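*Asks:* here's my sequence, what's the structure:
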Amino acid sequence: MIMDIIFIFFMFSTGVVIAGAVFAFIIIIGVIPTIITKTRTKSHIKFYENVIVMSGILGTIIEFTNIRLSLPKIFVVSFGFSAGIFVGCLAISLAETLDVLPVIFRRFKMNIGLSYVVLALGLGKMVGSILTVTKSLFYNM
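*Replies:* So this is what the prediction gives:
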């Protein structure tokens, strides 16, 4: 019994540390500040913070329980589209942070076309998100 309590406490503590690291990573690479700057919603920073924390908590609860949400298809599609946009922003932010794209362009001696590569990456993420959402919609019918 005591070992179970210690195990639960250890696993909970580990989850809190990992979740904190993931949120810190997302903030450090600049996804959230970039979105705030681009949308000119600096006055709503507290709202962004609350949404990030509540999303992490809600996602964890849904992932580790057998809760099944019956949502309208339009909500599922809009959520999938929004999640795809966020993942695309995250990927581009990480690439910018690591300066991956400029290094690749210098290595392949490409002088033009960076905007097309970024557009192709974004469109690829969008198509992948749409296919994932539509596949789950058809399997759940």
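*Asks:* for Ser93, give its distance to Ile5.
*Replies:* 40 Å (CB to CB, to the nearest Å). No exception for glycine: its C-beta is placed from N, CA and C like everyone else's.
*Asks:* of those two, which one has the most company?
*Replies:* Taking other CB atoms under 10 Å, Ser93 and Ile5 do not tie; Ser93 has more neighbours (19 against 9).
*Asks:* gap between that one and Phe12?
*Replies:* 30 Å.
*Asks:* before we move on, what about Phe75?
*Replies:* 31 Å.
*Asks:* what do you get for Met3?
*Replies:* Taken as CB to CB, the span from Met3 to Phe12 is 15 Å.
*Asks:* more neighbours, those two?
*Replies:* Each of Met3 and Phe12 has its neighbours counted (other CB under 10 Å); Phe12 has more, 10 against 7.
*Asks:* secondary structure class for the more buried one?
*Replies:* helix (DSSP: H, G, I helix; E, B strand; the rest coil).
*Asks:* go on, Arg68?
*Replies:* coil.
*Asks:* next one: phi and psi at it?
*Replies:* phi -120, psi 120 (degrees, to the nearest 10).
*Asks:* check contacts around it.
*Replies:* Applying CB atoms under 8 Å, 6 or more residues apart in numbering to Arg68 gives no contacts.
*Asks:* what distance do you get for it to Val103?
*Replies:* Using CB to CB, one obtains 45 Å as the distance from Arg68 to Val103.
*Asks:* for Ser13, same thing?
*Replies:* 38 Å.
*Asks:* what is the burial count for Val22?
*Replies:* Val22: 11 neighbours (other CB under 10 Å).
*Asks:* tell me the SS of Lys109?
*Replies:* coil.
*Asks:* what is the neighbour count of it?
*Replies:* 6.
*Asks:* so what's it up against?
*Replies:* Contacts of Lys109 (CB under 8 Å, 6+ apart): none.
*Asks:* next one: the one 10 residues further on
*Replies:* Neighbour list for Leu119: empty [criterion: CB under 8 Å, 6+ apart].
*Asks:* secondary structure element holding it?
*Replies:* helix 114-139 (DSSP states H and E).
*Asks:* okay, buried residues for that helix please.
*Replies:* Gly122, Lys125, Ser129, Val133 (16 or more other CB atoms under 10 Å).
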